[in-house]
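Student: For reference, the sequence and a predicted model appear below.
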Amino acid sequence: MHIFSIGKSYQGRDIWAAKVSSDVSLEKGKPETLVDALHHADEHLSIEQALFLLETLTSQYETDPLVNRLVNERVTWIVFAVNPDGWEYDLSGGKYQHWRKNRQPVKTSYDIGTDINRNYGYKWGCCGGSSASAWAWNYRGTAPFSTPEAQAIRNFVNGRVIGGVQMIKTQVSLHTAGGLILYPYCYTKTALPSDMKADDHAVFVKMAQTMAGLDGYKYEQSSYLYVTDGDEIDWLYHSYGVFASRWSSIRPRQPQRQRRRPALNSRLASQ
């Protein structure tokens, strides 16, 4: 395991990540998977899922044959909190603030925050799946990748192109809530548009179906839930051919007031 930062948030917090493989010091050409969490500040459970994945892959390597095979044969990248500023703000004041976006001020207004998962480069602002209004919950920003958090994901993914080949083959973005497995495209309700290969569509459906079979969640094309544009998983698939998906877990009931956990930055910086 190797803990590192892929970049800084708007307010200067590290965006922490982990690399898990049998030898993290070497580049061996193994297929890679990316798991990211907390694009949206109030989806706290997604961070716990990312931490649980890290714990599973590291603590069960010697006892679980499946974990052993995954660690030996693949590289897993885990980004724990894409939106650390929004997360910190959402937990401020001793109660949930019900905050979703990042904490980047909008220069043209008094509003704060961009929905990071509407800020990626493919089909940004194309199709009614985001808002141009700075006050909106799904405000897409002033331009594609106008948020430093989306830029950090972009730069990291770009950095996994080695010898002209994207090493990241699959991706899961962790969200809450809903009990859903979602796959591209997000910007259109057309099942097989011209910018998706028929074989790739079949893989997406099979992967989602298999994942749903493990947890009992519903699987569907993301746009069937509602249309989004500038979405991370659309960008990953279109730009790099990554089989990207969004896993939206069921959020348990939580008390309005709770004891705050230690900051993620402090916990991971100490590793």
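Tutor: All right, it came through fine.
Student: Quick check: which ranges of the stretch 51-200 of the chain have low pLDDT?
Tutor: Residue ranges of the stretch 51-200 of the chain with pLDDT under 70: none are present.
Student: Just the strands from it, written as ranges.
Tutor: 75-79, 161-162, 165-166, 168-176, 180-183 (DSSP state E, counting those that start in this stretch).
Student: partners of the third one, with directions?
Tutor: This points to strand 165-166. Under the criterion DSSP bridges, strand 165-166 sits next to strand 161-162 (antiparallel) in its sheet.
Student: what are the ranges of the helices in the stretch 151-271 of the chain?
Tutor: 198-215, 222-225, 232-240, 264-269 (DSSP state H, counting those that start in this stretch).
Student: and the third one, what's its mean pLDDT?
Tutor: Along helix 232-240, the predicted confidence averages to a pLDDT of 98.
Student: How about the second one?
Tutor: Average pLDDT, helix 222-225: 96.
Student: okay, it in PDB with CA atoms only?
Tutor: Output of helix 222-225 as PDB, limited to C-alpha atoms (Å, rounded to 0.1, in the frame of the first residue of the first chain):
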ATOM      1  CA  SER A 222     -27.400   6.300 -15.700                       C
ATOM      2  CA  SER A 223     -29.600   8.600 -17.800                       C
ATOM      3  CA  TYR A 224     -32.700   6.400 -17.100                       C
ATOM      4  CA  LEU A 225     -32.500   7.700 -13.500                       C
END
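Student: Can you list the buried residues in stretch 116-132?
Tutor: 116-125, 127, 129-130 (16 or more other C-beta atoms under 10 Å). (C-beta placed from N, C-alpha, C; glycine too.)
Student: CSV for those residues, including distance to residue 7?
Tutor: Putting those into CSV (distance: C-beta to C-beta, whole Å) gives the following:
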residue, distance to residue 7
116, 12
117, 17
118, 19
119, 14
120, 15
121, 16
122, 20
123, 24
124, 20
125, 23
127, 28
129, 25
130, 23
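Student: how about those residues, which pair is most distant?
Tutor: Greatest spatial distance among these (C-beta to C-beta): 116 and 127, at 18.2 Å.
Student: Is it correct that residue 77 is in contact with residue 34?
Tutor: Yes - applying C-beta atoms under 8 Å as the test, residue 77 and residue 34 come out as touching, 4.8 Å apart.
Student: got any residues that touch both of those two?
Tutor: residue 168 (C-beta atoms under 8 Å, 6 or more residues apart in numbering).
Student: got the contact list for residue 50?
Tutor: 35, 36, 37, 38, 78, 79, 80, 81, 174.
Student: For the second one, which non-adjacent residue is spatially closest?
Tutor: Right, the one you point to is residue 36. residue 79 (4.0 Å; C-beta to C-beta, 6 or more residues apart in numbering).
Student: State the number of residues packed around that neighbour.
Tutor: Number of residues near residue 79 (other C-beta atoms under 10 Å) recorded here: 24.
Student: hang on, isn't it packed against residue 14?
Tutor: No - judged on C-beta under 8 Å, residue 79 makes no contact with residue 14 at a distance of 11.0 Å.
Student: before we move on, the earlier item: just put the contacts of residue 50 in JSON lines and tack on distance to residue 2.
Tutor: As requested, those are exported to JSON lines (distance: C-beta to C-beta, whole Å):
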{"residue": "35", "distance to residue 2": "15"}
{"residue": "36", "distance to residue 2": "17"}
{"residue": "37", "distance to residue 2": "18"}
{"residue": "38", "distance to residue 2": "20"}
{"residue": "78", "distance to residue 2": "11"}
{"residue": "79", "distance to residue 2": "13"}
{"residue": "80", "distance to residue 2": "14"}
{"residue": "81", "distance to residue 2": "17"}
{"residue": "174", "distance to residue 2": "20"}
